[in-house]
Structure formats: structure tokens, C-alpha cells
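*Asks:* this is a predicted model, with the sequence first.
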Amino acid sequence: MAAQALPTGAEPEKQVHWALGAFFGTGWYQVDDNRSVFVLRIPPRQQVREAALGEDGSRRIGVEVLYPVALGLSQLEEVPDFVAFDNYASISFTPGVELEVPVTPEWTLRPYLHLGYGWEKESSDGAVIWYGGVKSRYRMAAERHRWSWLGEAYFAGYRPEYEGRGRYSAVMAGIEWEQPLGRLELGGEPLYLEWHLTYDWFFDELKFHVDRDTVETVSDQWELGLAFGRSDHPIELGFLSFDHVGLAYRWSSNGTFDAIVLNFTSPFLN
């Protein structure tokens, strides 16, 4: 267990700042059965140029512009609270640019960088927020199944108006798999069961100050995701489209942190 009792009169360690909600996916996050928060993250994308790799070795780098908005809610007592803007405790907007670099037909890199601003209602505190890194996906050939090795190195940070800045960095490794579901189809295309398993290791421990005398630390994170999707096209619901639809469960090795997250796209694109 990573709980640490603080001596009387000691200053508590800095907890994970609310600004880090900008990096979380939509879902419910909980620390040690004590502190929980609901995050609603809306990440509109605009594809400027599609990536391509020619047979002659010519390469075209893809470009996407993202406009993610994250809303954090520390308490959810009734269903109407979910749609009432006044009930959200924090809001952040972190636009960014992501590139897609086809190295080989099987291997693709995705460097990205985001910079934005967030605001927390209770303290009226604002913060500059940034995060970036590079993702990697290597697709393996298979007759019926489609699977890939995943990797990522990334960093994140924030700079509040009246406090010291915070930052952390991490690496991720994982695998994703797509399994056709027999003759089941959706919109005339084969339906796939898609799952992934990833592991993140943090160079800097994340610290959650759950009460006056206790700080919980997290040094890693696992994620297992399951979803349903089509073979070659996104699932469309009105004006919204998703690569697939499902859930993911996140947890730390020491049992301090867990979360249930909506799973709409591959970790490579998330």
C-alpha cells in the first residue's frame, strides 16, 4: 500500500493537480475508495492531410488538428447533474497537432503536441496545460485476425497562476487485437471484437492527497479495453462517429487507483 501518514503540522505533499484531467479519457476515476471524479472529454478532430506510403518509397505525412475539451465533475448525486454545466468543477481546452508518419507499411509513428488552458471553479484557479509525445504501432500479418504492438513515450505538465509548476513523464507498451465475430455484420461490414492491453510506467510518481494525513502514490497503470467496431469504417451515430464503441478498465499495480473509461478509439489514436 502506498499510503503515507504525515507528521502533525507537516505540509502535505502536492497532490495530482485538477489540470491533469485534460489527459484522461471520458470515465469515472477513483483513488483508494476515497476520492472520485467524473471526466467528460470531447476530442473533435480535423484531418488536414491523410498519410500515405507509395510503392516507390515516397512518404506523405498525415496531419490532424485536435480541439479536446475536458470537463471534470467531483460529485455526481443525480442524473441531471451530468448535463448541468454549473456542476462541473473544472474545464480545460487543449488544442494540438498530431502527425502520422508511415515508416514502413507495417510501422507507423504518431508524434503529437498540445497546449491549452484550464480553470477550476471552486478555487477560481487557472493553469496553462501542455502534453506531448510520440506513439508507435507495428501491425502484424495474420490470416483472420489483425493485431499490433503498441508503444508510447510521453510527458505532461501544467503551470498554475499562483503555484509551482507540475509535470510527469511516462512510457507505455501494449498490444491490440481485432477478432471477427463470425457472420455478424454492422452496416453491411463484418463486425469485430476489438481489445487491447497496455501498461504505463511513470518516471515521476503521481501523488493523490486524499485527506489531511494520507497521500496515495501511483507509479504505473494497466488498461484492458473491449469494444465492437466495423472492419474498415467508423460507427456513425448522427453527426458523431467512433472507431469503435466499448469500455476500458484502468488500475494501478498497488490497487490505489482504478477507473472505468469509455473506449471509442485505439490507444494509438486516443
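*Replies:* The structure has been received and is ready for your questions.

*Asks:* now do the strands in the stretch 51-200 of the chain.
*Replies:* Shown for the stretch 51-200 of the chain, the strands assigned by DSSP state E, counting those that start in this stretch span residues 52-53, 59-60, 62-66, 69-73, 90-93, 96-102, 107-120, 125-140, 146-160, 166-186, 189-211.

*Asks:* can I get the ones you listed in TSV including mean pLDDT and distance to Leu40?
*Replies:* Placement of C-beta: from N, CA and C, glycine included. TSV is the format used below for the strands of the stretch 51-200 of the chain (pLDDT from 0 to 100; distance: least, C-beta to C-beta, whole Å):
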stretch	mean pLDDT	distance to Leu40
strand 52-53	90	34
strand 59-60	92	35
strand 62-66	95	16
strand 69-73	84	4
strand 90-93	88	10
strand 96-102	96	19
strand 107-120	94	14
strand 125-140	92	16
strand 146-160	90	19
strand 166-186	86	22
strand 189-211	83	20
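
*Asks:* need those in JSON lines with mean neighbour count and distance to Thr265, can you?
*Replies:* Formatted as JSON lines, those follow (neighbours: other C-beta atoms under 10 Å; distance: least, C-beta to C-beta, whole Å):
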{"stretch": "strand 52-53", "mean neighbour count": "14", "distance to Thr265": "21"}
{"stretch": "strand 59-60", "mean neighbour count": "13", "distance to Thr265": "22"}
{"stretch": "strand 62-66", "mean neighbour count": "16", "distance to Thr265": "12"}
{"stretch": "strand 69-73", "mean neighbour count": "21", "distance to Thr265": "16"}
{"stretch": "strand 90-93", "mean neighbour count": "20", "distance to Thr265": "20"}
{"stretch": "strand 96-102", "mean neighbour count": "18", "distance to Thr265": "12"}
{"stretch": "strand 107-120", "mean neighbour count": "18", "distance to Thr265": "12"}
{"stretch": "strand 125-140", "mean neighbour count": "18", "distance to Thr265": "12"}
{"stretch": "strand 146-160", "mean neighbour count": "18", "distance to Thr265": "13"}
{"stretch": "strand 166-186", "mean neighbour count": "15", "distance to Thr265": "11"}
{"stretch": "strand 189-211", "mean neighbour count": "17", "distance to Thr265": "10"}
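
*Asks:* save those strands as TSV, and put in distance to Trp251 too.
*Replies:* Below are those laid out as TSV (distance: least, C-beta to C-beta, whole Å):
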stretch	distance to Trp251
strand 52-53	37
strand 59-60	39
strand 62-66	27
strand 69-73	20
strand 90-93	23
strand 96-102	27
strand 107-120	25
strand 125-140	22
strand 146-160	18
strand 166-186	14
strand 189-211	11
